[in-house]
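Trainee: Can you look at this prediction? I've put the sequence above it.
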Amino acid sequence: MPIHPHPYQTKTSSGDAMTQSQSQQHRPILEEEEDDDEKELKAKEKHKPPSHLKTMGALSTLSSPTSWNHPIFPKKSTINKIPSPHFAPPISRKPNPFSCFSLASSSDNGPPLVVVGSANADIYVEIERLPKEGETVSAKNGQTLAGGKGANQAVCGGKLAHPTYFVGQVGKDAHGKLITEALEGGGVFLDHLTTVADAPTGHAVVMLQSDGQNSIIIVGGANMACWPQSLDLGVVENAGIVLLQREIPDSVNIQVAKAARKFRVPVILDAGGVDAPIPPELLKVIDILSPNETELARLTNMPTESFEQISQAVGKCHEMGVKQVLVKLGSKGSVLFIEGEEPIRQPIISAPKVIDTTGAGDTFTAAFAVALVEGKSKKECLEFAAAAASLCVQVKGAIPSMPDRKSVLNLLQVV
């Protein structure tokens, strides 16, 4: 079976993988570079009104993405396509550093994102504060919404207009139907979503406090039971990046990560989920580990209150075999640690008001993965993810709060 190239590689016309720097010699022609066909076309149309022509916006957010070529440059066939004025970016005197992100659907913008993970029905209760031991408190409101770290990340990828597949399990019940409809509404491909009869859909109780912070209790259900011993992993072979979390059995994550390593597909493991050590067997076959401060402290048994302490804890992760660690720091932003390189720090993009932080970490991780599979630099990936997370916390609920691509790009143009 064919081995899928790394997201930072493109293909030559013969199908051989090459590096991004080599691909510059084969990129589509820019507006200042005209071939004979374009000269002939312009000669035939020289008597048409100028409004019938359109110069190529090679670095425009409106340019359509191209399959397997450098993501900055659009297809040659898009030269004469006129974008809708509705999507025109606001006028700005400063250059837009995110113009390499296409606003249009990225169905041709590289291989798909594959999310293997959990799907939960999140039962929200809004409270002023957490109850003390032995205390009963009244909730101001209660609501059930689709969620789960895997489903959250899959919907985020879909709403960011990148082709996204979800591999997971739900029960044959009302909660399973709720989640399936939410995934479909987010544009996620569900070819590998399984409905099991012997376990209920996983669910979680989310205790949402008035300041937007939350505490969560998870009931695994179908997320933790009834998985087949041998998975059909054809979808992993054709993926650009695989996203995993810890709300499904470690054995499933290990099987998927090993298959991805075999097919040379990068794996990001979100450390959120079960409160247990990560098996060394899993750590050895992932490419990026993404914990928050609390998860990093728990995994390394080290303090993470200062940047120096976080750096030392990440060093222990490097010793465990993880080369890249993406640490989510909440209101303090995020840091990407790559072994042997200087850390890349990203501050938060402040939200006017924080309504609910549920799903913010999932949004950040998935948005980072989308930018990475589309060939962006690590710094651009962090900034794109920060913008997505900023929009997420302004809406209640996990899946309902996932931002669309246009909103993220609009925010990046004004920050």
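Mentor: Sure thing, it's come through.
Trainee: Ile127: neighbour count?
Mentor: Residues near Ile127, counting by other Cβ atoms under 10 Å, number 17. Where C-beta positions appear, they are placed from N, C-alpha and C, glycine not excepted.
Trainee: isn't it right next to Gln209, touching?
Mentor: Yes. Ile127 is within contact range of Gln209, at 6.1 Å (criterion: Cβ atoms under 8 Å).
Trainee: what does stretch 297-307 rub up against?
Mentor: 271, 275, 277-278, 291, 293-294, 296, 309-310, 312-313, 316-317, 335 (Cβ atoms under 8 Å, 6 or more residues apart in numbering).
Trainee: Nearest to Lys262, out of those: which one, please.
Mentor: Nearest to Lys262 among the contacts of stretch 297-307 is Ile278, at 20.3 Å by Cβ to Cβ.
Trainee: Put the buried members of the contacts of stretch 297-307 into a PyMOL selection.
Mentor: In PyMOL syntax, the buried subset of these is picked out as below (16 or more other Cβ atoms under 10 Å):
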select buried, resi 271+278+291+293+296+309+310+313+317+335
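Trainee: Inside strands: which ones of the contacts of stretch 297-307?
Mentor: 271, 335 (DSSP state E).
Trainee: least trustworthy position among the contacts of stretch 297-307, going by pLDDT?
Mentor: Lowest pLDDT among the contacts of stretch 297-307: Asp275, with 84.
Trainee: Next one: that residue from Asp232, what distance?
Mentor: 30 Å (Cβ to Cβ, to the nearest Å).
Trainee: And Val167, by the same measure?
Mentor: Counting by Cβ to Cβ - Val167 and Asp232 are separated by 9 Å.
Trainee: who has more neighbours, those two?
Mentor: Neighbours were counted for Val167 and for Asp232 using other Cβ under 10 Å; Val167 has more, 25 against 10.
Trainee: The more buried one: what's it in contact with?
Mentor: 114-117, 192-193, 231, 235, 256.
Trainee: Beyond the helix or strand encompassing it, next helix or strand please.
Mentor: If you go by DSSP states H and E, Val167 is part of strand 164-171. Note on strand 164-171: by DSSP H and E, the next helix or strand toward the C-terminus is helix 174-185.
Trainee: what comes into contact with that next one?
Mentor: 119-121, 144-146, 148, 151, 154-155, 158, 166, 170, 190, 193, 195, 200-201, 203, 222, 399.
Trainee: Looking at those, which are in strands?
Mentor: 120-121, 144-146, 166, 170, 190, 193, 195, 203.
Trainee: and which of those is nearest to Ala367?
Mentor: Looking across the ones in strands among the contacts of helix 174-185 and measuring by Cβ to Cβ, the closest to Ala367 is Phe166, at 16.2 Å.
Trainee: How much space separates the closest one from Ala260?
Mentor: 16 Å.
Trainee: before we move on, the earlier item: buried ones among the ones in strands among the contacts of helix 174-185?
Mentor: By 16+ other Cβ under 10 Å, those give 120-121, 145-146, 166, 170, 193, 203 as buried.
Trainee: Show me which of those residues is closest to Gly240.
Mentor: Phe166 (14.9 Å).
Trainee: Settle this for me: the closest one is touching Thr194, isn't it.
Mentor: No. Using Cβ under 8 Å, Phe166 is not in contact with Thr194; the gap is 10.5 Å.
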